[in-house]
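[1] Got a predicted structure here, sequence first:
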Amino acid sequence: MTGTVLVVGGGPAGLRAAVDLADFGARVLLVEKRDQLGGAPVRWKYRSLAPDFTPTEEVMGPLIGFCESSPMVEVHKGSVVEGCEGSVGDFTVKVRNEADGTTTEHRVSSVIVATGFEHFDASVDPRYAYGRAPNVIGINELEAMLKEGRVVGHDGRPPKRVAFIFCVGSRDRSTNPWCCTVCCGVSIKQAIEMKQTLGDVQVYMIYMDIRTVGLWEKLYWDSMEKYGINYIRGRVGEVYYTGEKLLVKGEDTLVRGPFEVLFDMVVLAVGIEPGPGTKQAAGVLGLKLNEYGFIAPRQPNVHVDSGRDGIFLAGTCIAPMSIEETLSEGSAAAMQAAKVLKKTVAV
Amino acid sequence: MPEVIRVSKKEDLEISKEDLKFLEGLGADRRAKLAMGTTEDYLRMLEKMKDLEKRGEITIHHVTDEYEPAGVRTLSRRVKKIPTVELWQHKSCGQCGHIPGYISALYWVMTELGIPYVDDTNQTSCTAWNYYGSGTSNPVALSAVFLRNMHAAWEKNAYPLIHCGTSYGDYKECRYLVVMSREIRDRVRSILKKIGRDLVIPEEVVHYSEWLHVMRWKIAERRKLDVSKVSVAVHAACHTYKLMAEDFTYDDTVLGGKKPAPTSSTALALGAKLLDYSNWYDCCGFGFRHILTEREISRSFAYFRKIRPIVRETGADVLLTHDTGCVTTLDKSQVVPLAHGYKETVPVMSDSQFAALAMGAHPFIVCQLQWHLADWKPLLAKMGVDWASAEGEYKAYLERVRNGERPAFIRSPPRNLENRVRGESA
Amino acid sequence: MGPSEAVPLIIDRNAIVGHAAVVDLMAVLLPLSFVLLYLRVRGWDVPFTPFGIFASLFAKEGKPGFAARSRALLSATAQDILFLKRAGGRCEEPLHTWGRGLVMWGALGSVAATLLAALTDPAAVPMALTDPVRLLGDLSQAALASGAAILILRRLSNGARRRATDIHTWSLQCLLLYVGLSGVAVDALSQGGSFLAMEAMYISQLASISALLLYAPFSELAFLVWKGSLLVQKSLLDEAGPPG
Amino acid sequence: MAAEERKKEEKGRFIAERRYVDDQRIVEPEKLEAGGVDMSGRWGTLVLPRTIEEFDHSLFEGVKRLPRGGKVGKCWQCGNCTAVCPVAHANPMFNPRYLIHIVRMGYQAEIEKVKDYVYLCSGCGLCSAACPKDVDPQGVMIALSIAFKSGRAKGGR
C-alpha cells in the first residue's frame, strides 16, 4: 500500500489538488506535459482573472511555489503518464519524460485527472481570417498583450477601433456545439482592460448572447455603464483584410441590418475545447470520453467521479468552466483521494 | 432497379436506388449548398453519362486528342479537359450587342496564336437569357436548345467553346438534368428528332475563360505591351462559378486555389498586378431578371456594392471579368452615379480584350473600347497605347469598311474537315 | 398647454388681495415665465422654440396665405393638442390619456373662465352655480384637479412606477392638483365659508399659481409645450411627419 | 397629410419591388444631366444600399448630455420598455428600445426613417417603471425628441 496520489496535469485544478493533498499529509506525484507549471493561465500569460481583475500571479503564484518547493510534491515536468495498472489503493503507473525518453514506474493509491483544455484554433473556421490576416487575434493572445501593457497592431500602433467576436468555435455545429461558458466574461474583462490601457479606443462586442453567469454579470453592467463599451447582437460572416484595416461583415440583428465596418483589430473569443492531453490521459487510464471529447464522469452532476474507482476528475477536462470552479474541483478531487488514503493507509 | 419519384405534379424523375438515396440526402447534407446536388452527385452524373454512352442511349462528344486538350483542376478536384484547338465558337447574345470588342478580341487572339476555329452561323441563343429568362422557359425546352447547339458543333467536328457565362451555367445544369432524368432525355430526344438531330452531349462544357486560362502562357509569350504597372481587379461571373460550382476551374497557384482561377490567371500570366477585394463574391448587379425589371437596383448595386468598394479598396486600373452581363452591367452602371457626383470609377473589360490589348491589338478596331463608358484613357496611357493616334487609325479603318473591306480577324478560317453525316450516330 | 393657461383667477374687488395687485403680479410673472421658457428651450440648442410657431404663420414654405395658415394652425392645434390625436390618441392606456386630457382641458377652461371673469364681473353674482362663467371656472378647476389626481394616483398605485418617477414629475403633478383643488375651494368658501378662510385659500392658490409659472419652464411641462407646438408647426409647414 | 402620402408614393414608383425599398434610400433627382443628356427621373434614379458602413456615436453622446438622457448608456436592449409601451402596441413605428439602439450605434438611415415617431411618446412612464437597468426610457424619449432637433447633438456629425 502506498500513500502517494498521482495528479495528472499541473494547471489550476491539478495544483490545487496537489497542494490540498500535501497539506493533508499525502505525497503527491505531479505529472505535467509541458515544461512549466500553471496550466493555461501561465502558458498564455493571462493578465488577470475574471470577474475581479485579480492578477494571475496572485492566484497561481502560491500554488506553483508550493508545489515546486514542497518535499511532499514530486513534480515531473515535460512528462506524460504512459501506463496504469492495478486498482483503487494500488495503481502502478509509468511516467515517461518526453525530453530524455526515460520511463519511471510509481505506485500510487489513486489518480486525479486534471488535464485541462485548449483554446479553439480559430484558423479552423475560415470566416474570421485568423492566421491569414494581421491583427486578428484570439482572447488568449490578447491576454499576453494586456499583461505587457502594450496593445498594438502589427504595425506597432495602438488600435482605435476593436471588435470582439463572441462564440468563435462555440455553439456551432460545424466546429464545437457547446458553450465555453467563460469567454463572454473573459472578453468583457479584456475589453475593460483595453479601455483602461488605451483610453480612447472604441470597443464593439459582437455577440449572440451574453452569458456572464452568476456574479460575473457585474462585468457586463460595468462595461456598458462605466466604460461605454458597445454591444452589437449579431454574427460575423466574414473578416476581410483590406491591406490596411479589417473589414468586418456582419449583421446587427437588432435592426436587421447588414454592416460592413472597418476595424483596426479583431479579437476572437475562442472557446474551450478538450486538448490532446485529455484524450491521451483518458486512453491510458481507460476513461470514457463524451460525444464532445471531454472526459465523461459516471454521472453528469458529479464531476469528480470518473466511473473508475480510485480515479478522480477535476477541472476543464470534464467541461468548460471558470477558474474558480476549476480550483474548487481540484479541492473536491483531493478530498476523494484523501478518502481513499484513509481507507488504505494510515496517514 | 430504377425507381420513379414524382418531383412535381407533372414530372417524374427516374433514377437508380442509389441515386435516390443520394438525392434524398440533399436536404440534410450541408454540402447541398452547391447549385445542384453535391459534388458526389456531380461525379456520379459524369459516371452515368458514360454508362448511357455504353448503352447506346447517347453520343458523347469527347475531348479527343484532336482538340489538343489541357487538363485543369476543378473545384471538385476532378481534372477537366479543356480543348485548345478546333473550337466551335458559341457566341453570346449580349456580347455582340453591348460589347462587340469582347468577341472580336477573342477571335483576334485566336488568329494571332494560329488556333483553328469555327464561327458558325448555325447557332441559336441558349434562351436562358437572364438565366432561365426568370421562368419564361422550362427544363425540357432549355435542354433541347442546349443539345441542338451541341449537335451543331459536333456535326462541324469542332468543340463547343461557350462565350457566355449564362449559357455556360445553363448548359452545365441542363446536362445534369438530361443525364439524370429519363423523362427529360426522352422528351428532348423527340424534339431533336423533329429537326433531324440526336442526343450528343459534350464530355466537357467549356467556357472561353477556361480556354484563356490554359492558353495564358502562350498569350504571355506574345505579349507586346508591358502591363506590369497595371493593377487589375477581377470579377468572376456568378453564372460561371456558382452554377454547378464543382465544374469550374481552380488552380492552386492562383489566389491560393480558393477563388476561381480563370481571368485572374490570365492577368497574372501577362504580368499585371492582381488585387483582391472584399466583395469579390458578390454579383455584378445583373441579377436574374433584375437588369430587365429593376434597373435602378441593378445599377445601384453594381455601383455601390461592386465598383465603389473595388476602387476604394484596390484603386485598380482596370476591372476584368469574363461574362457578357458582368462587363455590361459594371461598365454601363457607372454613368448614372458619376452624373450624381460620385467620383470612383474604373474601366471594365473582358479578359479577352485585356489579353488582346497586351498582345498589341488595336484598342478600337479590335478591342472596340469606344463602346465602353467608364474612362479607359488613363489605362491605355498606362499601358503605353497612344489612343489619340489610334483614334485616327480607327476613323480611317471605318472609311475602308464603308468601302467594302472586311476585317480578317473576325472571319472564320476555312476548314476542310468533313461534316459528320446527320443520323450517322443514331 | 402653456403655463399661461393654468391661471384661474376669481376676482373679488373687496378682497384683501385686490384686483390691481393680482393683475400686477401676473403682469410680472407671466412674461417672466415666458422668458424662462424661451431660455430653457434655447438651452437645449434647438432651432425651434414654442414662440416660433407665430413666425411660422408668416414663413415662406408650407401652406400659402395667412388665412390658410391660420386655419391650418387652428385645425392642427385642435386635432393634435386638444383632442390628443397625436401622442394621446396613440396611447393605449386610457387612464393616462384621461389624466392628461383632464389636466389640459381643465387648465384651458380655467384660463377661459378667468378671462371671461375679467369682463363680466361674476363676483357680483351671489350664487356661483347660476353664473355660467363661474360654473365654467369651477368645472374646469375640478377637471384639472381630478386629472392631476388621476396622474398622481396612477403613479402611486404601482411600486415600480412610483420608484421610477422623479421628483420633478411629482412636484409638477402635485402643483397642478393643488391649483385645481384650491380654485374649487375658493369658490366653495365664497358661498358659505368665512371670508378669512376664503381669502387664505385664495392667497394660497395665487401662491401655487405663481410657483407653477416660475417652475413650469424647468419641468416636463416645458418639454410638452415645446413638443406640442413643434407638432403643430410640422402640420403648418406640411412636413413629413407621423400620421396624425 | 394627403399631400405627404402622395409625394411618398410618387418617389421611385416605377421600381418593380418598390415596397421593399425605404423612401430614404431612393435618390431621384429632379434634374440630372450627363454629357448634355437629360437623365432625370427613372433613368437617373439610384437606390442606396442598406449596409451600415459606420458606427457614429456623436448623437448618442449628445443625448447623454441632454435633460433626462443621462442614463441612456445603461440600456442593454432587453426590450422591456417596448413590451409595456401602450403607444408601441398601437404603432410599430414607435419603439423605444429600437430608437435607443439606432441612436447609440448612429445608424443614420434608420434614424431618418423613424425619428419623427419619437413625438408619439405620451410620457406615461410605464417604460421607466419596467426598465430593469434604470435607463428611464420615458426621459430618454424626451432627450431624443430634443436631440433630433438639436444642433448640439448633431454637431459631431
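    Sure, I can see it.

[2] mind listing what the single nearest residue of the stretch 51-200 of chain A relative to chain C touches?
    At 25.1 Å from chain C, A:D200 is the closest residue in the stretch 51-200 of chain A, using Cβ to the nearest Cβ. In this view, the C-beta of every residue, glycine as well, is placed from N, C-alpha and C. With contact set as Cβ atoms under 8 Å, 6 or more residues apart in numbering or on different chains, A:D200 has these partners: A:K160.

[3] One more: the one 4 residues further on?
    By Cβ under 8 Å, 6+ apart, A:Y204 lies in contact with A:161-164, A:229-232, A:263, D:55.

[4] so which of those comes closest to chain B?
    For those, the closest approach to chain B (Cβ to the nearest Cβ) belongs to A:F263, at 12.8 Å.

[5] Do I have it right that that closest one meets A:I165?
    No: with contacts counted by Cβ atoms under 8 Å, A:F263 stays clear of A:I165, the gap being 10.1 Å.

[6] of those two, who's got more company?
    Ranked by neighbour count (other Cβ atoms under 10 Å in any protein chain shown), A:F263 and A:I165 place A:I165 first, with 26 against 20.

[7] Not counting the helix or strand where that one lies itself, show me its contacts.
    Using DSSP states H and E, A:I165 sits within strand A:161-168. With Cβ under 8 Å, 6+ apart as the test, strand A:161-168 has contacts from A:120, A:122, A:125, A:128, A:138-139, A:179, A:183-184, A:187, A:190-191, A:194, A:201-208, A:210, A:236, A:239, A:246, A:248, A:261-271.

[8] Direction included, what does that strand pair against?
    Here strand A:161-168 has these sheet partners by DSSP bridges: strand A:202-207 (parallel), strand A:265-270 (parallel).

[9] Ramachandran angles for the residue nearest to B:D252 when sequence neighbours are not counted?
    Sequence neighbours aside, B:R73 is the residue nearest to B:D252 in space, at 7.1 Å (criterion: Cβ to Cβ, 6 or more residues apart in numbering or on different chains). Note on B:R73: backbone dihedrals following degrees, to the nearest 10 are phi -90, psi 130.

[10] Do I have it right that B:R73 meets B:I82?
    No: using Cβ under 8 Å, B:R73 makes no contact with B:I82, being 11.1 Å away.

[11] okay, now the closest residue to chain A within the stretch 151-300 of chain B: neighbour count?
    Nearest residue of the stretch 151-300 of chain B to chain A, counting by Cβ to the nearest Cβ: B:S278, 4.0 Å away. Residue crowding around B:S278 was assessed by other Cβ under 10 Å; the count is 19.

[12] any idea how chain D splits into domains?
    D:2-47, D:58-154 (automatic domain parsing).

[13] So for chain A, which of the ones you listed sits nearest?
    Chain A sits nearest to domain D:58-154 of all the domains of chain D, at 5.1 Å, using Cβ to the nearest Cβ.

[14] Any part of the closest one near chain B?
    No: judged by Cβ under 8 Å from any Cβ of the partner chain, domain D:58-154 stays clear of chain B, getting no closer than 12.9 Å.

[15] Over that domain, what's the mean pLDDT, rounded is fine.
    Throughout domain D:58-154, pLDDT has a mean value of 91.

[16] same question, stretch D:12-29
    Mean predicted lDDT for stretch D:12-29 stands at 86.

[17] How about stretch C:207-226?
    Throughout stretch C:207-226, pLDDT has a mean value of 91.

[18] In it, which residues are buried?
    Of the residues in stretch C:207-226, C:208-210, C:212-213, C:215-217, C:219-226 count as buried by neighbour count, 16 or more other Cβ atoms under 10 Å in any protein chain shown.

[19] Return the helix or strand in chain C with minimum mean pLDDT.
    The weakest-scoring helix or strand in chain C, judged by mean pLDDT, DSSP states H and E, is helix C:87-90 (a mean of 61).

[20] Now residue 77, what are its backbone angles?
    Went with chain A since none was named. Backbone torsions of A:K77, given as degrees, to the nearest 10, read phi -90, psi 160.

[21] How about the backbone phi and psi for the closest residue to A:G315 other than its chain neighbours?
    Nearest residue to A:G315 in three dimensions, chain neighbours excluded: A:A13, at 3.0 Å (Cβ to Cβ, 6+ apart). Recorded main-chain torsions at A:A13 are phi -70, psi -50, according to degrees, to the nearest 10.

[22] hang on, isn't A:A13 packed against A:E324?
    No: between A:A13 and A:E324 there is no contact under Cβ under 8 Å: 11.2 Å.

[23] who has more neighbours, those two?
    A:A13 (34 against 16).

[24] In contact with the more buried one, which residues?
    Contacts of A:A13 (Cβ under 8 Å, 6+ apart): A:39, A:114, A:116, A:314-316, A:326-327, A:329-330, A:333.

[25] just checking, which of those residues belong to helices?
    With DSSP state H as the criterion, helices contain A:39, A:326-327, A:329-330, A:333 from among the contacts of A:A13.

[26] Dump the contacts of A:Y204 to JSON lines, plus distance to C:R163 and pLDDT.
    Converted to JSON lines, the contacts of A:Y204 look like this (distance: Cβ to Cβ, whole Å; pLDDT from 0 to 100):
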{"residue": "A:R161", "distance to C:R163": "38", "pLDDT": "97"}
{"residue": "A:V162", "distance to C:R163": "37", "pLDDT": "97"}
{"residue": "A:A163", "distance to C:R163": "37", "pLDDT": "98"}
{"residue": "A:F164", "distance to C:R163": "34", "pLDDT": "98"}
{"residue": "A:I229", "distance to C:R163": "27", "pLDDT": "96"}
{"residue": "A:N230", "distance to C:R163": "28", "pLDDT": "96"}
{"residue": "A:Y231", "distance to C:R163": "26", "pLDDT": "96"}
{"residue": "A:I232", "distance to C:R163": "31", "pLDDT": "96"}
{"residue": "A:F263", "distance to C:R163": "40", "pLDDT": "97"}
{"residue": "D:F55", "distance to C:R163": "33", "pLDDT": "94"}
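
[27] For chain C, just list every one of the helices.
    Counting by DSSP H, the helices of chain C are C:19-43, C:52-57, C:66-76, C:87-90, C:94-120, C:132-156, C:159-164, C:167-192, C:195-215, C:220-237.

[28] host element of B:E40?
    Using DSSP H and E, B:E40 falls within helix B:39-54.

[29] If you count contacts, what does that helix end up packed against?
    If you count contacts as 3 or more Cβ pairs under 8 Å, 6 or more residues apart in numbering or on different chains; DSSP states H and E, helix B:39-54 packs onto helix B:17-24, strand B:59-61, helix B:165-180.
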